[in-house]
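Enquirer: requesting a structural model of the entry that follows:
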Amino acid sequence: MARITSLLLLAATATAQVTTLLKGQGEIHVLNSSSLTDASPADKIGCLDEGGMLTMGDCAVFTRLDSYPNTMSSTAGNCTFSNQNMPVNSDSVYGNNSHAWSCMSDHVGVISDQLYTVNGFKYPFLCNMDVDCFYDIKTGPSDADDYIPVWQYFWGSQQMGITPGHVQAMWLWVPVNSSSTSS
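Expert: Below you'll find the model as predicted:
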């Protein structure tokens with residue numbers, strides 16, 4: 001019984017730390033990196049726009065819901081990887097049925113849409129699902145008119161790394177007002 005109580009206290013503490021790290025509003029910068037220890041803001045190749053696409057400079061401001069299910073939204077609406085109208089990652093062995101991230105007004109956020117960071121990261125990198133902190137893009141934007149879909153990163157025995165020909169990326173939370181903290 002003491003072990004269960006300890007685990008519950010640890011989970012409550014971790015949730016409080018995540019909430020502190022991702023409070024308020026921020027931009028989501030996209031980094032060209034495959035390393036949780038070496039990635040930095042200098043690796044930025046773009047940011048996410050209000051619809052959830054990777055762009056060079058049309059950065060949206062996202063708001064993290066402070067209560068369950070702690071999802072992200074932009075001015076376009078709640079954000080998710082489950083929008084069936086978004087393109088699938090047809091090049092990926094394991095992600096070929098996964099849809100690109102998007103934000104839309106008619107989506108009701110659910111727990112699987114949650115983004116979070118892990119206390120102890122050098123920067124507040126955004127993860128989804130079960131500590132999935134990497135994302136899959138075909139390429140980085142080359143000019144201001146490029147809007148590129150971003151998928152969850154999937155791998156397995158038939159595809160041990162990033163989808164061949166794609167770029168492994170990370171998302172960085174960048175607070176935009178004083179109520180957002182990254183401490």
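Enquirer: I'd assumed residue 92 was in contact with residue 163.
Expert: Yes. The pair residue 163 and residue 92 passes the contact test of Cβ atoms under 8 Å, sitting 4.3 Å apart. (C-beta placed from N, C-alpha, C; glycine too.)
Enquirer: intersection of neighbour lists for the two?
Expert: In the contact map built from Cβ atoms under 8 Å, 6 or more residues apart in numbering, the residues linked to both residue 163 and residue 92 are residue 136.
Enquirer: just give the nearest non-adjacent residue to the residue nearest the centre of the chain, would you?
Expert: The structure's the chain has its C-alpha centroid closest to residue 126; by Cα atoms, centre = their mean the separation is 4.5 Å. Distances taken as Cβ to Cβ, 6 or more residues apart in numbering place residue 171 nearest to residue 126, at 3.9 Å, with adjacent residues excluded.
Enquirer: for the one you found, give its distance to residue 121.
Expert: The span separating residue 171 from residue 121 equals 12 Å under the rule Cβ to Cβ, to the nearest Å.
Enquirer: export stretch 56-68 to PDB, keeping only CA atoms.
Expert: Extracted as PDB, the C-alpha positions of stretch 56-68 are listed here (Å, rounded to 0.1, in the frame of the first residue of the first chain):
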ATOM      1  CA  MET A  56       9.200  29.400 -41.800                       C
ATOM      2  CA  GLY A  57       7.700  32.400 -40.000                       C
ATOM      3  CA  ASP A  58       3.900  32.400 -39.700                       C
ATOM      4  CA  CYS A  59       4.100  31.300 -36.000                       C
ATOM      5  CA  ALA A  60       0.900  30.800 -34.200                       C
ATOM      6  CA  VAL A  61       0.300  31.400 -30.500                       C
ATOM      7  CA  PHE A  62      -0.900  28.200 -28.800                       C
ATOM      8  CA  THR A  63      -2.700  28.000 -25.500                       C
ATOM      9  CA  ARG A  64      -2.400  25.000 -23.200                       C
ATOM     10  CA  LEU A  65      -5.600  24.100 -21.400                       C
ATOM     11  CA  ASP A  66      -4.900  24.200 -17.700                       C
ATOM     12  CA  SER A  67      -7.400  21.500 -16.900                       C
ATOM     13  CA  TYR A  68      -8.100  18.000 -18.200                       C
END
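Enquirer: with that, I have no additional questions.
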